[in-house]
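>>> I'd like to go over a predicted model; first the sequence, then the structure.
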Amino acid sequence: MSKIRVLVVDDHTIVRDGICALLALAGDIEVVGEAADGSEALKMVKELEPNVVIMDIAMPIMGGLEATRRICKEYPGTRVLVLTQYDDKEYVFPVIEAGASGFISKVAASSELALGIRSVYRGDSYLSPSVAKLLVEDYQHGGWRVSHDPYEQLTDRERNVLKLLAEGHTTQEIANMLVLSPKTVEGNKTNLMAKLGIHNRIELVKYALRKGVIIT
């Protein structure tokens, strides 16, 4: 029986090594490649045609959210399973909307990863119990109501990051100002740009001016 071909995408080498070592114990899964960012992942998906991509969210050059959206659109035969340290709704919902077939928190049991890979490979969806619980709670509190204004979909933190980015601050400066890690700021940047349909900093500044987020 052929093995499930997996591409591992994470900007930390030690994390990729750990994932590969874990999956090596599963007899039906084969890691066919590794990528350090979303842009590299897109190239490798085209070249290697993996069945499943294990995707981190906050990465340099191209984040996991944008990479997930493009992979799901351009390579519908490849499933994306997000594996990240972020498991709150400001990350979960955009990932699902981007087309990911599953979402696993890095704090989940290691056995969940192989289980998730097998599930999405079969065409099913897979969510860590903590993420599934989050979705249920949000639905029960009416959190799935959709606003016609994409700005309303931004979290308070994403709005702060949007304003500071539009004002010209670097990721490190924003991290210092908001007392966050640069990786968290990059994750917020990726999410807000995806929600607003913005693809570069020039568009971001123009949007912020039109919206009145910044004033010249």
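Ah, there it is.
>>> C-alpha only now, for contacts and for neighbours.
Will do.
>>> Quick one: the helices in this structure, in order.
13-23, 38-48, 64-74, 89-98, 111-121, 129-140, 156-166, 171-178, 182-196, 201-211 (DSSP state H).
>>> can I get those in CSV with distance to residue 30?
What follows is these, written out as CSV (distance: least, C-alpha to C-alpha, whole Å):
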stretch, distance to residue 30
helix 13-23, 7
helix 38-48, 12
helix 64-74, 20
helix 89-98, 24
helix 111-121, 11
helix 129-140, 25
helix 156-166, 37
helix 171-178, 36
helix 182-196, 28
helix 201-211, 38
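>>> In contact with residue 78: list those residues for me.
Residues near residue 78 by C-alpha atoms under 8 Å, 6 or more residues apart in numbering: 49-53, 71-72.
>>> rerun at 7 Å
Applying C-alpha atoms under 7 Å, 6 or more residues apart in numbering, we find residue 78 in contact with 50-52.
>>> Residue 204 versus that one, what's the distance?
30 Å (C-alpha to C-alpha, to the nearest Å).
>>> Next: residue 50.
Using C-alpha to C-alpha, residue 50 is found at 33 Å from residue 204.
>>> Pick out whichever of these two has more residues nearby.
Per other C-alpha atoms under 10 Å, whichever of residue 50 and residue 204 has more neighbours is residue 50, with 23 against 20.
>>> Next, work out how far apart the residue nearest to the more buried one when sequence neighbours are not counted and residue 119 are.
With C-alpha to C-alpha, 6 or more residues apart in numbering as the criterion, residue 50 has its nearest non-adjacent residue at 4.9 Å, and that residue is residue 5. According to C-alpha to C-alpha, residue 5 and residue 119 sit 13 Å apart.
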